[in-house]
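**Q** My questions concern the predicted model and sequence given below.
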Amino acid sequence: MVTNRTFTMLKPDSLEKGNTGAILEKINTAGFRLVAMKQTQLSKRDAEAFYAVHNERPFFNDLVEYMTRGPIVAAILEKDNAVEDFRTLIGATNPEEAAEGTIRKIFATSISENAVHGSDSDENAQIEGAFHFSGREIF
Ligand code: GDP
């Protein structure tokens with residue numbers, strides 16, 4: 001089932017570099033509507049839970065450390081075909097492989113510090129949005 005919402009995080013490197021506004025501008029220009037947004041910081045437990053699917057991977061500890069080292073911006077975005085279109089907008093996980101003009105190509109440093117998260121399925125978009133936002137924070 002295709003839904004019209006996805007979930008994103010601007011990761012700590014984006015906030016450290018002062019790229020929040022520029023990335024949100026790209027997201028808005030691409031036609032996504034912000035239905036929920038907040039600046040927050042993940043605890044170790046939050047990051048371990050959010051990325052539990054990767055907990056056997058060699059980079060898991062680095063990923064948790066990176067995602068907890070400073071604030072993030074979490075948001076739920078709305079647009080037709082949101083999950084797929086947002087993955088196209090952000091580009092490949094590794095910025096060296098990301099298409100020109102994509103958010104990761106422009107703003108990411110490396111495969112680990114890659115500027116933004118985007119849900120990879122409608123099901124995960126729903127789970128991840130609910131992880132960060134209560135019903136009264138979604139408009
Ligand atoms: P995504 O869906 O494009 O974010 O990619 P994945 O779900 O495969 O990975 C989740 C996150 O883990 C990525 O966005 C990166 O921040 C990090 N990551 C993925 N692969 C690697 C890797 O090979 N090395 C390191 N250090 N981090 C990685």
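**A** Here it is on my side, so go on.
**Q** how close does the residue nearest in space to the middle of the chain get to the ligand?
**A** By Cα atoms, centre = their mean, the chain has its centre lying nearest to H117, at 2.2 Å. Note on H117: its distance to the ligand, by Cβ to the nearest ligand atom, to the nearest Å, is 6 Å. Yep, even glycine has a C-beta here, placed from its N, CA and C like the rest.
**Q** likewise M37?
**A** Using Cβ to the nearest ligand atom, M37 is found at 19 Å from the ligand.
**Q** name the element that residue belongs to?
**A** strand 33-40 (DSSP states H and E).
**Q** Can you dump the C-alpha atoms of that strand in CSV for me?
**A** The C-alpha trace of strand 33-40 is given here as CSV (Å, rounded to 0.1, in the frame of the first residue of the first chain):
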residue,chain,number,x,y,z
ARG,A,33,4.5,19.4,3.5
LEU,A,34,5.7,19.4,7.1
VAL,A,35,3.0,17.7,9.2
ALA,A,36,5.2,17.4,12.3
MET,A,37,8.6,18.7,13.2
LYS,A,38,10.8,19.2,16.3
GLN,A,39,14.4,19.6,17.3
THR,A,40,15.4,16.9,19.8
